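**Student:** No sequence on hand, only this structure:
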């Protein structure tokens with residue numbers, strides 16, 4: 001409605017594509033914005049309300065029709081695997097690719113995916129049924145060597161390998177090669193926190209503190225505070241309060257009620273609390 005579709009986000013990390021939630025029309029929007037869904041290797045579903053996963057079976061079926069062979073892993077709440085396998089059983093669908101399910105739990109911070117370059121965690125949200133947010137945290141890669149230092153000194157290969165991994169190296173003669181002297185400082189690590197449907201919950205700050213970018217639902221404005229509480233949703237002002245107390249760098253507002261045609265008032269409301277707030281827009285890319 002109003003040109004807005006149900007929740008689906010693609011997070012790109014290098015050549016890795018992660019899908020967070022999969023509402024209806026996900027494939028149509030991905031095609032419109034030239035996102036290669038074939039590259040998605042992991043899918044994360046926050047909870048089992050339809051606007052967050054009804055596009056999933058269609059996506060998995062399209063992968064089947066496209067003869068996908070690359071393995072796919074879905075992280076989601078209890079019952080999601082039953083919903084999908086039941087559908088495929090009665091439609092006599094046999095997938096040509098390995099499909100793995102990992103059940104999420106809303107009992108604290110849990111490591112879901114440990115990649116050499118990043119980690120993905122789940123953390124509990126407060127909604128009308130079991131719901132989790134997701135936190136993507138970058139890992140340090142290999143350090144870059146200072147070329148001038150390498151040209152000035154004969155540095156053995158074993159020392160270079162050790163230094164790039166962030167470890168000082170001492171050779172057989174006792175000569176010490178220190179990381180700080182031979183490598184450039186590591187860049188700051190980046191992080192992205194995703195909070196789908198949730199009531200206002202200050203406890204979130206322990207999981208998302210200092211995130212570079214926070215996506216937080218802002219279904220209502222503050223004049224609908226009682227409605228937000230009754231439906232276990234948040235207002236734009238409450239999302240901004242979470243961002244402020246969590247000391248995140250930027251807030252991305254989303255999950256707007258269809259009652260709002262013009263979203264600028266929600267943004268203005270959030271900015272009274274947290275100035276570095278922006279509206280999520282269909283097809284937009286947000287660099288971290």
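**Tutor:** Done, it's in. Just so it is clear, the structure is predicted and the values come from calculations on it, not from any experiment. Numbering: from 1, shown residues only.
**Student:** name the element residue 124 belongs to?
**Tutor:** In this structure, residue 124 sits in strand 118-125 according to DSSP states H and E.
**Student:** which helices and strands does that strand pack with?
**Tutor:** strand 40-44, strand 110-114, strand 131-138, helix 205-208 (3 or more CB pairs under 8 Å, 6 or more residues apart in numbering; DSSP states H and E). Heads up, the C-betas are built off the backbone N, CA and C, glycines and all.
**Student:** all helices of the stretch 101-250 of the chain, in order?
**Tutor:** For the stretch 101-250 of the chain, applying DSSP state H, counting those that start in this stretch gives helices covering 147-152, 157-164, 179-182, 205-208, 225-230, 236-246.
**Student:** Residue 109: how many residues sit nearby?
**Tutor:** Applying other CB atoms under 10 Å, we find 13 residues neighbouring residue 109.
**Student:** Spit out the contact partners of it.
**Tutor:** 121-123, 135, 207 (CB atoms under 8 Å, 6 or more residues apart in numbering).
**Student:** among these, which two are most distant?
**Tutor:** 122 and 207 (9.3 Å; CB to CB).
**Student:** out of the contacts of residue 109, which is most surrounded?
**Tutor:** For the contacts of residue 109, neighbours tallied by other CB under 10 Å; top is residue 122, 28 neighbours.
**Student:** That residue reaches residue 110, doesn't it?
**Tutor:** Yes: look at residue 122 against residue 110 with CB atoms under 8 Å: they come within range, at 5.0 Å.
**Student:** mind checking the backbone torsions on the closest residue to residue 283 other than its chain neighbours?
**Tutor:** Nearest non-adjacent residue to residue 283, counting by CB to CB, 6 or more residues apart in numbering: residue 33, 4.2 Å away. Dihedral pair for residue 33: phi -110, psi 20, per degrees, to the nearest 10.
**Student:** how close does residue 33 get to residue 94?
**Tutor:** 31 Å (CB to CB, to the nearest Å).
**Student:** How about residue 130?
**Tutor:** Distance from residue 130 to residue 94, by CB to CB: 30 Å.
**Student:** So for the two, which sits in the more crowded spot?
**Tutor:** Looking at residue 130 and residue 94 with other CB under 10 Å, you find the greater number of neighbours at residue 130, namely 18 against 8.
**Student:** Assess the claim that the more buried one and residue 80 are in contact.
**Tutor:** No: assessed by CB under 8 Å, residue 130 is found out of contact with residue 80, at 10.6 Å.
**Student:** Find residues that contact each of these two.
**Tutor:** By CB under 8 Å, 6+ apart, the residues touching both residue 130 and residue 80 are residue 48.
**Student:** Report the contact partners of the nearest residue to residue 219 once chain neighbours are set aside.
**Tutor:** Of all residues not flanking residue 219 in the chain, residue 233 sits nearest, at 3.9 Å (CB to CB, 6+ apart). Counting by CB under 8 Å, 6+ apart, residue 233 touches 197-199, 217, 219-220, 227, 255.
**Student:** Now residue 233. Its backbone dihedrals?
**Tutor:** phi -120, psi 180.
**Student:** Give the full set of residues in contact with residue 286.
**Tutor:** 213, 252, 278.
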